[in-house]
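**Q** I would like to see how this sequence folds:
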Amino acid sequence: MKTTLEISDPLLKEARKIATRENTTLRALVEQGLRHVVAEKGRRAKFRLRDGSVAGHGLHPDLEGKGWAAIRDLIYEGRGS
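**A** Next comes the predicted model:
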């Protein structure tokens, strides 16, 4: 596939030097770099949220069977709400 890339002049100059030194083409060098980045990104582990739970014995017995509205009212009790 053919595409156009805009590359900074200093970077392009260095890439051409490397391509010449390694007796390869700029195209091959760019493809090699892209393959490297794609492989590296593919190896990264998927994000996993750490287990932030705390040890405990569940809901307080006084709140057993209560709905969220009752629990929220208890949380804000005496706080001007």
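**Q** report all helices and strands that the longest helix along the chain contacts.
**A** Counting by DSSP state H, the longest helix found in the chain is helix 26-43. Contact analysis of helix 26-43 by 3 or more Cβ pairs under 8 Å, 6 or more residues apart in numbering; DSSP states H and E lists helix 9-21 as its packing neighbours. Yep, even glycine has a C-beta here, placed from its N, CA and C like the rest.
**Q** pLDDT on the helix it packs on, on average?
**A** The pLDDT scores in helix 9-21 average 96.
**Q** any buried residues in that helix, and which?
**A** In terms of neighbour count (16 or more other Cβ atoms under 10 Å), helix 9-21 has its buried residues at Ala19.
**Q** can I get the CA coordinates of that helix in CSV?
**A** Extracted in CSV, the C-alpha atoms of helix 9-21 (Å, rounded to 0.1, in the frame of the first residue of the first chain):
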residue,chain,number,x,y,z
ASP,A,9,13.8,16.9,8.6
PRO,A,10,16.4,15.9,11.3
LEU,A,11,14.7,12.5,11.8
LEU,A,12,14.6,11.8,8.1
LYS,A,13,18.2,12.8,7.7
GLU,A,14,19.3,10.4,10.5
ALA,A,15,17.0,7.6,9.1
ARG,A,16,18.6,8.0,5.7
LYS,A,17,22.1,7.8,7.2
ILE,A,18,21.1,4.6,9.0
ALA,A,19,19.6,3.1,5.9
THR,A,20,22.7,3.8,3.9
ARG,A,21,25.0,2.5,6.6
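**Q** that one versus helix 26-43: what angle between them?
**A** Taking axes from the mean of the first three to the mean of the last three Cα atoms, to 10 degrees, helix 9-21 and helix 26-43 form an angle of 110 degrees between their directions.
**Q** name the residues that touch the longest helix of the chain?
**A** By Cβ atoms under 8 Å, 6 or more residues apart in numbering, the residues outside helix 26-43 that reach it are Leu5, Ala15, Arg16, Ile18, Ala19, Glu22.
**Q** could the residues you listed go into a markdown table alongside distance to Asp73?
**A** A markdown table is the format used below for those (distance: Cβ to Cβ, whole Å):
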| residue | distance to Asp73 |
| --- | --- |
| Leu5 | 61 |
| Ala15 | 66 |
| Arg16 | 71 |
| Ile18 | 69 |
| Ala19 | 71 |
| Glu22 | 72 |
